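Participant: Below is the sequence, then the predicted model.
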Amino acid sequence: MSSSTPEPLTAAVLTVSDTCARGEGSDLSGPAVAKALIEKKFSVVQTAVVADDQNAIQKLLLQLASKANLVVTTGGTGIAERDVTPEATKAICNRLLEGVAERMRAEGRKKTLFADLSRAVCGVHGRSIILNLPGSPKGAVESLEAVIDLLPHALQLLSGNTKHKV
Amino acid sequence: MSSSTPEPLTAAVLTVSDTCARGEGSDLSGPAVAKALIEKKFSVVQTAVVADDQNAIQKLLLQLASKANLVVTTGGTGIAERDVTPEATKAICNRLLEGVAERMRAEGRKKTLFADLSRAVCGVHGRSIILNLPGSPKGAVESLEAVIDLLPHALQLLSGNTKHKV
Amino acid sequence: MSSSTPEPLTAAVLTVSDTCARGEGSDLSGPAVAKALIEKKFSVVQTAVVADDQNAIQKLLLQLASKANLVVTTGGTGIAERDVTPEATKAICNRLLEGVAERMRAEGRKKTLFADLSRAVCGVHGRSIILNLPGSPKGAVESLEAVIDLLPHALQLLSGNTKHKV
């Protein structure tokens, strides 16, 4: 007898932080993001921590995208020179979802002036979505919550169900 | 005696849809968009239907842009692999009007969560403007109405009248 | 004894206008922008006027960015063919701050329909920020005021202070 419950969507969380990668700080943002995803019925299949190194981030994004429908990063979206998560994401995505990034900033703008300095992007790699979030636990979870309800429908469209909703 | 009434702005409507191009579905969005343009005093000089094929879309966009001030597409703006209307539009436009796309999403966001998944762009080709709208009749007309009042002024600027309005 | 007052942030203002560069019109926007910057405690170290010529704009942007933390342009952000300030800015910036441009348009949208036709961008060149504003004195100052409070923090991040604010 086959189950009538659909498989849960899978997610992976990548923390991008020099400090955490060196073991000098504990990663608070990754676990906070994972918790928020689980509350939204995603199955978190892997988490990882990587330094602010574009090549290293790209390699991990590719690995995680092969295992999860949704890959969420936290960190490295700011404007400092070491912040390269958006660059790594753009390098491996064949298309960007500008509206998702705009929505995160538009929601963030209501709460904090500095949300507009986030360079976070959201893109499609194969049938997976990669979503950048800022590095602070609060900023990461708030940004995720601004767009999380879009993502199951987006992932469904990527899997080939192209019925219009708008 | 020359007429004192200015020539109406011309528009063309391109429906991008595999189903409609194969004759398997009737095109509801194209006529809905044409009707909305006529209500705004545009003269609709041509309509066409094309499959979700980037090269075919580009060729038609070029043809239509040579005949109309404004070329409006409907369909192919989503995130599924077959959706390539924004790619075709970007390929033939020398510049994009990001604010027009942002405005469509910002207005859409007030009504539907999924507006932010639209990858619709608006760009300039020569002295014509190409505007992408989503594929559903309702989504297409609502997106058009969010920006239509901008377009006559924009087309006037492209024709060489560069007096500042902002 | 060293001073306890921090050095003020430096700014330069570049007016992009064929008319002003030819001496056929007086530059109202540049001085209005400079005044608004001074009110926000920036030290305006240089102003210049240049024609709507992409290469000439790029050269001046590079010169001014070597002297000031913030380089603000006014003019050349529209959609007419001669408007090339965003192209010049993108050509010399290694990264763009899309959220800053979005915020200017989102604020402008509340006041004027035509704000969405601005193609103004904001980008990072080295440790300086280049910010495009529209060409009218009113539009320029309103756009500046929409984002000016973000800029000291952004410049601080560029100078190497990467503590999270979001």
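Facilitator: Sure, I can see it.
Participant: got the residues of chain A near chain C?
Facilitator: Residues of chain A found near chain C (C-beta under 8 Å from any C-beta of the partner chain) are A:78-83, A:87, A:101-102, A:105-106, A:108-109, A:112-119, A:134-136, A:138-139. The C-beta positions use only the backbone N, C-alpha and C, and glycine is treated the same way.
Participant: Mind doing that once more with 7 Å?
Facilitator: Counting by C-beta under 7 Å from any C-beta of the partner chain, the residues of chain A close to chain C are A:78-80, A:82, A:102, A:105, A:108-109, A:112-119, A:134-136, A:139.
Participant: Could you turn the buried ones of these into a ChimeraX selection?
Facilitator: Selection of the buried residues among these in ChimeraX, burial being defined by 16 or more other C-beta atoms under 10 Å in any protein chain shown:
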select /A:78,79,80,102,105,108,109,114,115,116,117,118,119,134,135,136,139
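Participant: Among the residues of chain A next to chain C, which are located in helices?
Facilitator: Counting by DSSP state H, the part of the residues of chain A next to chain C found in helices is A:Glu102, A:Arg105, A:Gly108, A:Arg109, A:Gly139.
Participant: ok, the residues you listed vs chain C, which is closest?
Facilitator: For these, the minimum distance to chain C (C-beta to the nearest C-beta) is 3.8 Å, reached by A:Gly139.
Participant: Centroid-nearest residue for chain A?
Facilitator: Nearest to the mean C-alpha position of chain A, counting by C-alpha atoms, centre = their mean, stands A:Val72 at 2.2 Å.
Participant: Identify all contacting residues around the helix or strand hosting that one.
Facilitator: Per DSSP states H and E: A:Val72 is located in strand A:70-74. Strand A:70-74 has contacts (C-beta atoms under 7 Å, 6 or more residues apart in numbering or on different chains) with A:9, A:11-16, A:29-30, A:33, A:37, A:42, A:61, A:64-65, A:85, A:128-133, A:135, A:140, A:144, A:151, A:155.
Participant: can you do 8 Å?
Facilitator: When contacts are defined by C-beta atoms under 8 Å, 6 or more residues apart in numbering or on different chains, strand A:70-74 is touched by residues A:9-16, A:29-30, A:33, A:37, A:42, A:57, A:61, A:64-65, A:85, A:89, A:125, A:128-135, A:140, A:144, A:151, A:155.
Participant: Which of the residues you listed fall within strands?
Facilitator: Residues of these located in strands (DSSP state E): A:10-16, A:125, A:128-133.
Participant: CA atoms of stretch A:114-130 as CSV?
Facilitator: Extracted in CSV, the C-alpha atoms of stretch A:114-130 (Å, rounded to 0.1, in the frame of the first residue of the first chain):
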residue,chain,number,x,y,z
PHE,A,114,20.2,48.2,7.0
ALA,A,115,18.1,45.5,5.3
ASP,A,116,18.8,47.3,2.0
LEU,A,117,22.5,46.7,2.3
SER,A,118,21.9,42.9,1.9
ARG,A,119,23.1,41.7,-1.5
ALA,A,120,21.3,38.3,-0.9
VAL,A,121,20.1,36.6,-4.1
CYS,A,122,17.8,33.6,-4.8
GLY,A,123,18.5,31.4,-7.8
VAL,A,124,17.7,28.2,-9.5
HIS,A,125,20.3,25.4,-10.0
GLY,A,126,18.7,22.5,-11.8
ARG,A,127,15.6,21.7,-9.9
SER,A,128,16.9,23.2,-6.7
ILE,A,129,16.6,26.7,-5.3
ILE,A,130,19.4,28.4,-3.5
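Participant: how distant is that stretch from the center of its chain?
Facilitator: Distance of stretch A:114-130 from its chain centroid, counting by C-alpha atoms, centre = their mean, to the nearest Å, is 7 Å.
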